[in-house]
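# With the input below, show me the fold.
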Amino acid sequence: MANSLTADVRRAATWSIVLSVLMIVAGVLAICVPVVAGVAITALVGWILIFSGLLHLGFAWRAGRAAGVVWEILLGIVYGAIGFYLLANPAAGLASLTLAIAFYLLIEGMLEFVLSFQLRPAPGSGWLLVDGIVTLLLAVMIWSTWPSSAAWVVGTLIGISMLFSGITRLMLSFAVRRVLS
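So this is what the prediction gives:
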């Protein structure tokens with residue numbers, strides 16, 4: 001039984017290594033060709049919004065009150081319309097996503113900045129301040145170069161995330177294999 005469990009964990013770790021390498025390769029490709037990656041992400045978000053819109057329309061039949069039905073139908077229409085817009089206009093959708101990322105980073109940076117001052121006496125709170133400043137600088141950099149930044153922001157950020165997630169997963173998979181040896 002123990003040998004079977006060890007073999008199963010080893011097989012899972014091997015597949016995890018393979019998937020990690022594929023994730024690293026995909027991350028590097030997204031960083032090298034950020035426009036293509038950005039358009040792909042825009043299309044993915046568009047399809048997710050369409051699917052979500054359909055779910056809202058389906059849930060409208062389950063809503064008990066008339067106001068709930070109307071609300072679900074309106075949400076379904078809005079989600080679907082935005083999804084179709086992203087699919088029909090990938091460049092404009094990519095620019096919109098880039099602007100949304102800049103806005104998100106701006107809010108996140110301000111919150112980290114405030115949190116760093118609230119936690120000021122605590123050890124490590126200086127790192128929150130640094131993180132807040134860097135996040136605010138990224139938001140300003142994206143915002144100030146928008147819409148030209150739309151060509152690289154989404155693809156590059158997704159690529160960096162995939163690269164580091166792949167590296168992290170790869171290291172964890174190797175650690176599991178070492179424990180089994």
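# show me what contacts residue 31?
By C-beta atoms under 8 Å, 6 or more residues apart in numbering, residue 31 lies in contact with 155-156, 159-160, 163. (Each C-beta comes from the backbone N, C-alpha and C, glycine too.)
# Please repeat the previous calculation with a cut-off of 10 Å.
Residues counted as contacts of residue 31 (C-beta atoms under 10 Å, 6 or more residues apart in numbering) are 37, 152, 155-160, 162-163.
# Now neighbour count and secondary structure too, for those, in CSV please.
CSV is the format used below for the contacts of residue 31 (neighbours: other C-beta atoms under 10 Å; DSSP: H, G, I helix; E, B strand; the rest coil):
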residue, neighbour count, secondary structure
37, 23, helix
152, 19, coil
155, 26, helix
156, 18, helix
157, 21, helix
158, 20, helix
159, 22, helix
160, 14, helix
162, 21, helix
163, 19, helix
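# Pick the one among these closest to residue 19.
Distance to residue 19, by C-beta to C-beta, is smallest for residue 162 among the contacts of residue 31, at 11.5 Å.
# isn't that closest one right next to residue 23, touching?
Yes - with contact defined as C-beta atoms under 10 Å, residue 162 counts as touching residue 23 (5.5 Å).
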